[in-house]
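Novice: Take this sequence and fold it.
(2 chains)
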Number of protein chains: 2
Amino acid sequence: MDCATLLAARTGNMTVSAIRELLKVVSQPGMISLAGGIPAPESFPLELLEHLYRTVLEKHGAAALQYGASEGFTPFRQALVGHLEPLGIRVIAEDILTSSGSQGMLDALGMVLLSKGDKVAVESPTYLGALQAFAPYEPRYLTIETDEDGLVPEALEAALRRESVKFLYLVPTFQNPTGRTLSLERRTAVADLIRRHDVLLVEDDPYSALRYRGDPLPSLKSLAPEQVVYLGTLSKVLAPGLRVGYCVAPQSLRKWLVIAKQGIDLHTGSLSQALAAEYLSGGHLQKHLPTIISLYRPRQEAMLEALERFFPPGFRWSRPQGGMFIWAEGPPGLDMTEVYPWAVARNVAFVPGRYFYAEPDRGIETLRLNYTMADEKSLARAIAILGEVLAA
Amino acid sequence: MDCATLLAARTGNMTVSAIRELLKVVSQPGMISLAGGIPAPESFPLELLEHLYRTVLEKHGAAALQYGASEGFTPFRQALVGHLEPLGIRVIAEDILTSSGSQGMLDALGMVLLSKGDKVAVESPTYLGALQAFAPYEPRYLTIETDEDGLVPEALEAALRRESVKFLYLVPTFQNPTGRTLSLERRTAVADLIRRHDVLLVEDDPYSALRYRGDPLPSLKSLAPEQVVYLGTLSKVLAPGLRVGYCVAPQSLRKWLVIAKQGIDLHTGSLSQALAAEYLSGGHLQKHLPTIISLYRPRQEAMLEALERFFPPGFRWSRPQGGMFIWAEGPPGLDMTEVYPWAVARNVAFVPGRYFYAEPDRGIETLRLNYTMADEKSLARAIAILGEVLAA
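Specialist: Numbering: from 1, shown residues only, chains lettered A, B, ... in the order given. Now for the predicted structure:
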């Protein structure tokens, strides 16, 4: 039968990710991909996980394989208490919910909070996966300007005066796609603003542990605990294939997220949560994180040096202190979707930046460059080729 | 802040499961629970899983821990081809989508198919988790009568003549909550009906492998391949904590389920899928299934014998050939929610059957009895106590 006539009204808003289509070329032999957004496979602690698996079965036995609470696996929630403390997030285990990656919690937040036409304030550009998670709930977007220091507080204030929003969604540290970080001054300003306007903020924080230089900044959750839903994940510091994320939300929201999650997937995988619990509580994250950083830092440096050397005049790019991405901007009018096939023809893939904007026709001259999936030499070669293609 | 004012319109439909509240007493010491719906922990192949984990890492390395396709982990989809063939479901790997338990696919189906007010036809009583998965999408229910042989085709036909439905949701084999199985004649009749009325059927099949007596029946998917979305899971035959389910849907629906899943959780856990793939392709399910059955069959027999012996006159119950549940009905007017606290006071928990009906005030005299979580002796004692409480 043809199910096209059976689709819900909302399903029309759920479009095939253009990036997904672009990325189909990435697996071609010889391609150097700057297009991905995924961790290096060599960053996964394979042997450690085998050891953790045995520990988990000894410690929890069948409980690690059984149905569990929608709120999360207790030992994982307990381990997260200590993990969150250095970020200035002081909570007890019961305050924490676990999710199937942070994507799972973005979906639950959309389900619980968004009626059709509700407004969500987002950075411009913003994380595409969040737009995809919210899309089925049919919100409208209020886009807030950003610059090198992240979200512009004056732009946020003007928007909040003009319109009422269901929530503000931010990736304040080493943002995807720009790599930019909200400065300390701006964090304070944003915290003040959301308190003053009584606005809920969703702080999505997958990258802050991947810091290569500079001092850590306080989370927005620590600056405005009552106003912020904090989302974390083990995807960038352990392994994304476990699909383990977590969330600290105001109590009045948390209970609805739990009910939503019961319907969505009952609960997050017990084995994955048990492995993550052991990784945190056994001190393995602290031991393994320097290995991940020592893998990514030189790759980022190699890319930044190559950009300096090979990119044509008229280009600017971000110089993030961590994370997985560099954001480049060409001269106005240069359309990166037109450049893309020429780069692919020379075996280099990237993502045109326009796909990260909630509004159409923004950022046509931008591109997102990822440096976690290739070694320094390949990265330098890819940027050299891209420089030639862009200069042509 | 108080998020109550921020909730979406739909969120009011998402109620706390009454069962969840009831089950809070289950963990009290000394309680014999006939209330659960979960596999016996001693049915999990713990040692085998440790072995499979090593095999998975040898075979797939980092790929078992990396981000994966929303459609599913290829080796798992390939292994499912052979697994589905004996059920008369002849597909290629690309026809199969994987999900975070079958619950994850129920949610995706609701998201993709249901606009507010759309009608879903369900058995009366039906699986509560499906009602919870569909609730956020605000459907109305068309309830179809059932008897000892499952859904009554004449009732379905009358309903389909009267109303148009988005889909029909069925658990045709060893249903939750009744344990009942749709007879062969009725399967043929239902397949004819959905073809004739061009209706989509969601066949949820978590229990059919747990057959203790009698011959297997053909899946509805095999009788009307074009009209049926088939949902399967490893939760009852491997371990629910892995959260691994799968689905075979018409192609015109499948592509939308993939897009929905990207937003919901990106993809199902890679490690879980890799373990499940190895469990199937290595022939371990075939070897382990008899162990699970030899655990449950005597428990079911013990419960059936005890019902015969201890339940007061005026009660009837199902005698399923497999699965995890027996459904009992008392004399009209006897309200099992009133009996419940008396049973709990004597350390026996069950679930009043009314919670499994989409309409209020149905089935007050019914109860669901699970026999997978206690040994034969405890089951007999629990039924004896329950018989006394019911006779009082």
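Novice: Show me what the host helix or strand of A:L289 is packed against.
Specialist: A:L289 belongs to helix A:284-310 when assigned by DSSP states H and E. Judged by 3 or more CB pairs under 8 Å, 6 or more residues apart in numbering or on different chains; DSSP states H and E, helix A:284-310 is in contact with helix A:46-60, strand A:325-329, helix A:376-391. Any C-beta I mention is one placed from the backbone N, CA and C, and that applies to glycine too.
Novice: can you give me the angle it makes with strand A:325-329?
Specialist: 20 degrees (axes from the mean of the first three to the mean of the last three CA atoms, to 10 degrees).
Novice: how far does helix A:284-310 sit from the chain's center?
Specialist: What separates the centre of helix A:284-310 from the centre of its chain is 18 Å, taken as CA atoms, centre = their mean, to the nearest Å.
Novice: what's the following helix or strand after it?
Specialist: Downstream of helix A:284-310 (by DSSP H and E), the next one is strand A:316-317.
Novice: who does that next one pair up with?
Specialist: strand A:325-329 (antiparallel) (DSSP bridges).
Novice: in the partner strand, what's buried?
Specialist: Neighbour-count burial for strand A:325-329, with 16 or more other CB atoms under 10 Å in any protein chain shown as criterion, is recorded at A:325-329.
Novice: What of stretch A:61-71?
Specialist: A:62-71.
Novice: same check, this time on stretch A:90-97
Specialist: Neighbour-count burial for stretch A:90-97 [16+ other CB under 10 Å]: A:91, A:95-97.
Novice: Let me know the closest of these to A:S164.
Specialist: A:L97 (26.2 Å; CB to CB).
Novice: partner residues bridging the closest one?
Specialist: A:C247.
Novice: quick revisit: nearest to B:E365 among the helices and strands packed on helix A:284-310 would be which one?
Specialist: Between these, helix A:46-60 lies closest to B:E365; by CB to CB that is 40.0 Å.
Novice: Show residues contacting the helix or strand just after that closest one.
Specialist: Using DSSP H and E, the next helix or strand after helix A:46-60 towards the C-terminus is helix A:74-84. Residues outside helix A:74-84 that contact it (CB atoms under 8 Å, 6 or more residues apart in numbering or on different chains): A:59-60, A:71, A:90-94, A:96, A:98, A:230, A:232, A:244, A:246, A:248, A:273-274, A:276-278, A:280-281, A:285.
Novice: what's the answer for stretch A:131-138, then?
Specialist: Under CB under 8 Å, 6+ apart, the answer for stretch A:131-138 is A:10-11, A:13-15, A:17, A:103, A:106-107, A:109-111, A:113-118, A:120, A:122, A:141, A:169, A:358, B:8, B:111, B:260, B:262-264.
Novice: again, 6 Å this time
Specialist: A:10, A:13-14, A:106-107, A:110, A:114, A:116, B:111, B:262-263 (CB atoms under 6 Å, 6 or more residues apart in numbering or on different chains).
Novice: and the end-to-end length of it?
Specialist: By CA to CA, to the nearest Å, the extent of stretch A:131-138 from end to end equals 10 Å.
Novice: buried stuff in it?
Specialist: Buried-residue list, stretch A:131-138, by 16+ other CB under 10 Å: A:131-138.
Novice: count of residues packed around A:G330?
Specialist: 21 (other CB atoms under 10 Å in any protein chain shown).
Novice: contacting residues around the nearest residue to it once chain neighbours are set aside?
Specialist: Excluding the flanking residues, the one nearest A:G330 by CB to CB, 6 or more residues apart in numbering or on different chains is A:E365, at 4.4 Å. Applying CB under 6 Å, 6+ apart to A:E365 gives the contacts A:329-330, A:332, A:334.
Novice: try it again with 10 Å
Specialist: For A:E365, the contact set (CB atoms under 10 Å, 6 or more residues apart in numbering or on different chains) comprises A:314-315, A:328-336, A:339, A:352-354.
Novice: which one among those gets closest to A:L220?
Specialist: Nearest to A:L220, judged by CB to CB, of the contacts of A:E365 is A:G353 at 24.4 Å.
Novice: Confirm A:Y141 sits in a strand?
Specialist: Yes - assigned with DSSP: H, G, I helix; E, B strand; the rest coil, A:Y141 falls within a strand.
Novice: mind checking pLDDT for the closest residue to it other than its chain neighbours?
Specialist: Spatial nearest neighbour of A:Y141, excluding adjacent residues (CB to CB, 6+ apart): A:A358 at 3.9 Å. We have a pLDDT of 89 for A:A358.
Novice: now do A:E21
Specialist: pLDDT, read off for A:E21, is 74.
Novice: okay, the helices and strands packed on helix A:284-310, which one's buried deepest?
Specialist: For the helices and strands packed on helix A:284-310, the largest average neighbour count (mean count of other CB atoms under 10 Å in any protein chain shown) is found in strand A:325-329, namely a mean of 22.
Novice: Tell me which residues of the next helix or strand along the chain from that one come out buried.
Specialist: Next helix or strand after strand A:325-329 toward the C-terminus (DSSP H and E): helix A:336-345. By 16+ other CB under 10 Å, the buried positions in helix A:336-345 come out as A:336, A:339-340, A:343-344.
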